[in-house]
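Novice: got a sequence here, can you build the structure:
(one chain, ligands or ions: 3)
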Amino acid sequence: MIIGKHVSIAGGLDKAFKRAADIGCNAVQIFVKNPRGWKMREVEAEEAEKFRAARQKFNINPVVVHAAYLINLASPKDQLWEKSISALKSEYQRCDRLGAEYLIFHPGSHTGSGLEKGIERIAKALNIILNEVDTKTMILLENTAGAGTSIGEKFSQLKEIIDQVDQSERLGVCIDSCHAFTAQYNLAETEGLEELINDFNNIIGLDNLKVMHLNDSKYDCCTNKDEHAHIGKGKIGSSAFKRLINHSKLKDKIFILETPWFDKEEDDDVILLKELRED
Ligand code: MN
Ligand code: MN
Ligand code: ZN
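Specialist: Ligands and ions are numbered 1, 2, ... in the order given. Below is the predicted model of the structure:
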């Protein structure tokens, strides 16, 4: 099973790998900058070298990067839209330098301009970024919980974005279980998971599902709320995660936990998922 967790980069980007390995992960997700700010400095060659060496030492594959939260490619305001493009672009360049396989971002919020307009803005922004950055790193769109004017709670919205992008083969999708649950799919029931898999396959195609964020949810199905809970401690429940990680159509996907960090050496979520895994 490919299992990772979002870990801190305190002390340097290369420090992420030991943190992941220490809790039994073979994959990892990180921020490559402060996720709540715009500021970003260059990744120096030496830093990238240390990063690649640590990765090799701890044998972590793949490396998934999560983009900053302030980025909003759907914004109707030119200033924020342009700022968002240059921010995501420089994160993308960082990913290339570090050799990360995936860069995940939230599609954004149209803040009143409407869904169609927002989708157009996102696609236009992605076209600019993909044109200007030449890299093997894939960009993944993450589904959202559907609060406010956010775009991407429906797979059809993600598909519309992908269809408007020229180099769409460089795009993929990340499904967050918590977001899917509070948006519309009742993963606590077998039928809810089947519905999600069928919808995704019919609308986008399962080959384009590259990463799954495994998070339980503090809130009920269809509430559009986004608060992650530890696996088995939320409204989705551990039997739902057992179904998900062993499902023949999902079992080989990359699973990444975005649950809170434990204040001890082991990670109960990683341990539980390994217990629930059937092979
Ligand atoms: Mn996310
Ligand atoms: Mn997520
Ligand atoms: Zn979330």
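Novice: pop out the phi and psi values for the closest residue to residue 100 other than its chain neighbours.
Specialist: By the measure of Cβ to Cβ, 6 or more residues apart in numbering, the closest residue to residue 100 outside its immediate chain neighbours is residue 63, 4.3 Å from it. Any C-beta I mention is one placed from the backbone N, CA and C, and that applies to glycine too. Comment: the main-chain dihedrals of residue 63 come out as phi -100, psi 120, following degrees, to the nearest 10.
Novice: test of understanding: give the bridge partners of residue 63.
Specialist: residue 28 (DSSP bridges).
Novice: what's near enough to touch it?
Specialist: With contacts taken as Cβ atoms under 8 Å, 6 or more residues apart in numbering, residue 63 has the following neighbours: 27-30, 55, 98-102.
Novice: try 6 Å
Specialist: 28, 100-101 (Cβ atoms under 6 Å, 6 or more residues apart in numbering).
Novice: return the member of those nearest to ligand 2.
Specialist: Among these, residue 28 lies closest to ligand 2 (Cβ to the ion), at 14.3 Å.
Novice: on that earlier part again, neighbour count, distance to ligand 2 and pLDDT for the contacts of residue 63 - can I get that in CSV?
Specialist: Shown next, in CSV, are these (neighbours: other Cβ atoms under 10 Å; distance: Cβ to the ion, whole Å; pLDDT from 0 to 100):
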residue, neighbour count, distance to ligand 2, pLDDT
28, 25, 14, 98
100, 25, 16, 98
101, 18, 17, 98
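Novice: if we can go back for a sec, and the residue nearest to residue 100, what's its pLDDT?
Specialist: As predicted, residue 63 sits at a pLDDT of 98.
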